[in-house]
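Enquirer: Just need the structure, nothing else, for what follows:
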Amino acid sequence: MSRLSILRRRPSWWRRLLGGEISILRAGGFVASPYFTPYTLDSSRVDYGLARALYRNTDDRYKLGAGFCRPIINTTAGFMGTPHFTHPDPDADQALEAVFSRWTGKVFRINRNALRDGDVFARILRVAPRFGRGEGDWELRLIPPEWVTPVVDPITGGWQQLIIRYPGVVTDDRGQVIQRYTVTEILTPKTRTIEADSRAPADVQAQNTTEPNPWGFIPVVHFKNEAEETELYGASDLEPVEPFVKAYHDVMLFAVQGSRLFSRPKAKFKLKDVQRFLSDNFSAEEVRSGRLRFADKEIFLLQEGDDAAFITADSGLEGITTLLKFLFFCIVDVSETPEFAFGTAVSSSKASVSEQMVPLARKIRRKRGQFEEPYGELASMFLAMWSTIEGRKLDTYQADIGWEEISPRDDSEVATTVKTLVEGLAQAVESGLMSQDAAAEFLREFVPTMLPWVDPDADDDERRRVTRTMLLLRRLEDGQGLDAAGGSDEDEEL
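Expert: This next block holds a predicted model:
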C-alpha cells in the first residue's frame, strides 16, 4: 500500500478536528462503501435548527459571534427584492400581478429562508374563502424543509412523489404535551393521500383519505440555494462562515473572561517591618484573623524605606483586537458581504461604500439567476392552476421574469461620467477623430435609455429622436407652429 493511499484513508488529527468543526451545519447522510460507490445524489441536509439559531443568535456556543449571521442573510435577501412577471395574455398577466403582489411578504421570506436554510418548499393552494363568501382564494404556503421528503425519478430527475410529515401534539388543559403524533401527506401527479399514525386522536384519524389530484402535477416548488447537480438539497450561506463565527465567539469569550483578571490590579508592598505596617493600617481583629480588608483604604501609613505599588497584568488587548479584526475580515470575504452591512461602527478601511457595492451587485445578480428557474416554475404552476379554475386555455404557461435594476454606482458619479464622456466625444467628432455614429454607439453603453443610432428595420432610432428634439427646440425659440398638428408636421419634415 502506497503512502498516499494511507494518508487518504487515515487523515491526521487536525484534519479530523477541522472537518468536524466545519461540517457542523451539515446533517449526516448516506455514506457509500469505499469498495462499491454507486452514482447517487447526496441526501445530506443542512442542520436547519442550527442555521436558524445562528440567524437568531440563540445558540450559547456562538453567542458572541453569531450576530454577524443576520446581516449576512438580510443584506442579500433585501437587495434581491421580489421578481415581477408578465404574460402575453392580458387576463393571465393581471392575475399574475394581483396574486404575486399579495404574496410579496412570502416571496421575501422565500429569499431569506433559502439563503439561511438552503431549502424552501413553496406550495400553491386553492383554499376556501376566509369569511365564507366568494369563490375561494389562492394561498402560497411555505413548508418547513425538514418536514418534506421528495422521491426523485432517477431517469428524468422529476418527482415521483412528495412526502410531507406534519408533527402534531395532544395537550391537556394546562397546555402540557401528553402525546405526539404525525400526519403524513403523500402527493403524486395523480393522487393525494392523507394518513395519521396510530397515536393520533380519533377525530384526526377520521380525516384519513385518498383523493385524486385535480392539477395533474405536484403543486410544490423546491427553491435550492447554491444548487448542485450531485446534491438533492441546497446549501446554507452560513455554512462557509460558521467556523469563523465560532472562532470569533471563542476569542471574544476569552477576552471577556480574562478582563476580570486584567481589570483588577493587585497591591504590592515592600516593607522593612511587617508587624509595624499591619498595626498602623489594620485593626487588631483583622491582624489576628489574617483577613485584611483593603476595601475603602485610601491611605497607607509607611515607614522610611517602605514602598507600595499596584501590579497589573498585560491584558493582551492589542493582540486580541488584531485577531478579532482578522476574523471579521475573514467573515466579510467568505460571506461576500460588504463591511458597511454590519453597521456604521465598523470602519471601512479597505474600500469605500461605492467600491464595495460592485462585488455585492455581482453577488445579487448571481443569486437572482439561481432563483429565476424556480420562480418561473412557480409562476407557470399558478397559471396552469388558474387556467384550470377559470376554464381558460393559454397558448403558453411560461411567464417572463424581471427584477429591479441594481446600480452599484453613485448617481453623482454617473452624472459626472456621462458629462465628461459627452464633452470628450463632442470634441472628438468636431476635430474629425471620430464619427457621430461611433460616438453615439459608445455613449449608448452608459445610457441604457438610448436606442441604436441608426436602425432602418425599426420604427424609431436615436437619430430620429434627436432630429425631432432639435425641431421642437427650434419651434420653441421661434414661437411658431405650436398647434395640435405639430406632431404630424414634425413627421413630415423628418
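Enquirer: Which helix runs longest in the chain?
Expert: Across the chain, the longest stretch assigned as helix under DSSP state H is helix 353-390.
Enquirer: Output the contacting helices and strands for the helix or strand just after that helix.
Expert: Counting by DSSP states H and E, the element after helix 353-390 in chain order, helix or strand, is strand 400-402. With contacts taken as 3 or more Cβ pairs under 8 Å, 6 or more residues apart in numbering; DSSP states H and E, strand 400-402 sits against strand 84-86, helix 353-390. Every C-beta, even on glycine, is put in place using the N, C-alpha and C of the backbone.
Enquirer: tell me, what residue is most central in the protein?
Expert: In the chain, the centroid-proximal residue (Cα atoms, centre = their mean) is I73; its distance is 3.2 Å.
Enquirer: Break the chain into its domains for me.
Expert: Using automatic domain parsing, the domain ranges for the chain come out as 266-288+299-311, 411-493.
Enquirer: Any idea which of those domains gets closest to N111?
Expert: Counting by Cβ to Cβ, N111 lies closest to domain 411-493 out of those; the figure is 25.3 Å.
Enquirer: distance between the closest one and the chain's centre?
Expert: Centroid displacement of domain 411-493 relative to its chain, using Cα atoms, centre = their mean, to the nearest Å, is 42 Å.
Enquirer: follow-up on the earlier one: now the helices and strands packed on strand 400-402 as JSON lines including mean pLDDT?
Expert: Output for the helices and strands packed on strand 400-402, formatted as JSON lines (pLDDT from 0 to 100):
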{"stretch": "strand 84-86", "mean pLDDT": "92"}
{"stretch": "helix 353-390", "mean pLDDT": "90"}
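Enquirer: Adding mean neighbour count and distance to R444, write these out as a markdown table.
Expert: A markdown table is the format used below for these (neighbours: other Cβ atoms under 10 Å; distance: least, Cβ to Cβ, whole Å):
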| stretch | mean neighbour count | distance to R444 |
| --- | --- | --- |
| strand 84-86 | 17 | 25 |
| helix 353-390 | 17 | 21 |
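Enquirer: between these, which gets nearest to G158?
Expert: helix 353-390 (11.6 Å).
Enquirer: So which elements touch that closest one?
Expert: Using 3+ Cβ pairs under 8 Å, 6+ apart, helix 353-390 sits against helix 69-80, helix 90-102, helix 104-117, strand 119-127, strand 137-143, strand 220-224, strand 400-402.
Enquirer: and the first one with helix 104-117, angle?
Expert: Spelled out, it's helix 69-80. On the basis of axes from the mean of the first three to the mean of the last three Cα atoms, to 10 degrees, helix 69-80 is oriented at 130 degrees to helix 104-117.
Enquirer: Which strands or helices does helix 69-80 pack on?
Expert: Judged by 3+ Cβ pairs under 8 Å, 6+ apart, the packing partners of helix 69-80 are helix 48-56, helix 104-117, helix 353-390.
Enquirer: just checking, R463 touches P452?
Expert: No: taking Cβ atoms under 8 Å as the definition, R463 is not a contact partner of P452, at 9.0 Å.
Enquirer: Give the residues shared as contacts by those two.
Expert: Common neighbours of R463 and P452 are not found (criterion: Cβ atoms under 8 Å, 6 or more residues apart in numbering).
Enquirer: circling back: out of the helices and strands packed on strand 400-402, which comes closest to H249?
Expert: helix 353-390 (25.1 Å).
Enquirer: out of the domains of the chain, nearest to G234?
Expert: Here domain 411-493 is closest among those (Cβ to Cβ), at 33.0 Å.
Enquirer: pLDDT of the closest one, averaged?
Expert: Here domain 411-493 scores 77 as its mean pLDDT.
Enquirer: Okay, helices next: where are they in the stretch 151-300 of the chain?
Expert: Secondary structure of the stretch 151-300 of the chain by DSSP state H, counting those that start in this stretch: the helices cover 202-205, 242-262, 274-281, 284-289.
Enquirer: tell me the contacts of R276?
Expert: So R276 contacts Q303 (Cβ under 8 Å, 6+ apart).
Enquirer: Roughly how far does it sit from Q303?
Expert: Relative to Q303, R276 is positioned 6 Å away (Cβ to Cβ, to the nearest Å).
Enquirer: thinking again about what came up before, please identify the most buried of the helices of the stretch 151-300 of the chain.
Expert: helix 242-262 (a mean of 17; mean count of other Cβ atoms under 10 Å).
Enquirer: which other helices and strands contact that one?
Expert: Looks like helix 242-262 contacts helix 13-22, helix 317-335 (3+ Cβ pairs under 8 Å, 6+ apart).
Enquirer: if we go to 10 Å?
Expert: helix 13-22, helix 48-56, helix 69-80, helix 317-335 (3 or more Cβ pairs under 10 Å, 6 or more residues apart in numbering; DSSP states H and E).
Enquirer: F342: what's it in contact with?
Expert: 67-68, 70-72, 75, 328, 331-332, 335, 348 (Cβ atoms under 10 Å, 6 or more residues apart in numbering).
Enquirer: need the contact list for P150.
Expert: Counted by Cβ under 10 Å, 6+ apart, P150 has contacts 121, 158-164, 187, 218, 220, 222, 232-233.
Enquirer: which residues does it bridge with?
Expert: On the basis of DSSP bridges, P150 is bridged to L162.
Enquirer: before we move on, what about T210?
Expert: T193.
Enquirer: That one contacts R192, doesn't it?
Expert: Yes: the criterion here is Cβ atoms under 10 Å, and T210 meets it with R192 at 7.3 Å.
Enquirer: Isn't L292 up against L278?
Expert: Yes: assessed by Cβ under 10 Å, L292 is found in contact with L278 at 7.8 Å.
Enquirer: who touches both of the two?
Expert: Contacts common to L292 and L278, judged by Cβ under 10 Å, 6+ apart, are E286.
Enquirer: What average pLDDT does stretch 281-298 get?
Expert: pLDDT averaged over stretch 281-298 gives 76.
Enquirer: Counting neighbours, go ahead and name the busier of T210 and R192.
Expert: Per other Cβ atoms under 10 Å, whichever of T210 and R192 has more neighbours is R192, with 17 against 10.
Enquirer: What separation is there between the nearest residue to Q160 once chain neighbours are set aside and I218?
Expert: Nearest residue to Q160, sequence neighbours excluded (Cβ to Cβ, 6 or more residues apart in numbering): V151, at 4.7 Å. According to Cβ to Cβ, V151 and I218 sit 10 Å apart.
Enquirer: who has more neighbours, the two?
Expert: For V151 and I218, the more surrounded residue by other Cβ under 10 Å is I218, and the numbers stand at 19 against 11.
Enquirer: quick one: contacts for that one?
Expert: I218 sits next to 123, 150, 158-162, 187-189, 192, 381 when contact means Cβ under 10 Å, 6+ apart.
Enquirer: R123 too?
Expert: R123 neighbours (Cβ under 10 Å, 6+ apart): 139-143, 148, 162, 164, 187, 218-221, 378, 381.
Enquirer: Produce a PyMOL select command limited to the buried residues of those residues.
Expert: Here is the PyMOL command that picks out the buried ones among the contacts of R123, judged by 16 or more other Cβ atoms under 10 Å:
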select buried, resi 140+143+148+162+164+187+218+219+220+221+378+381
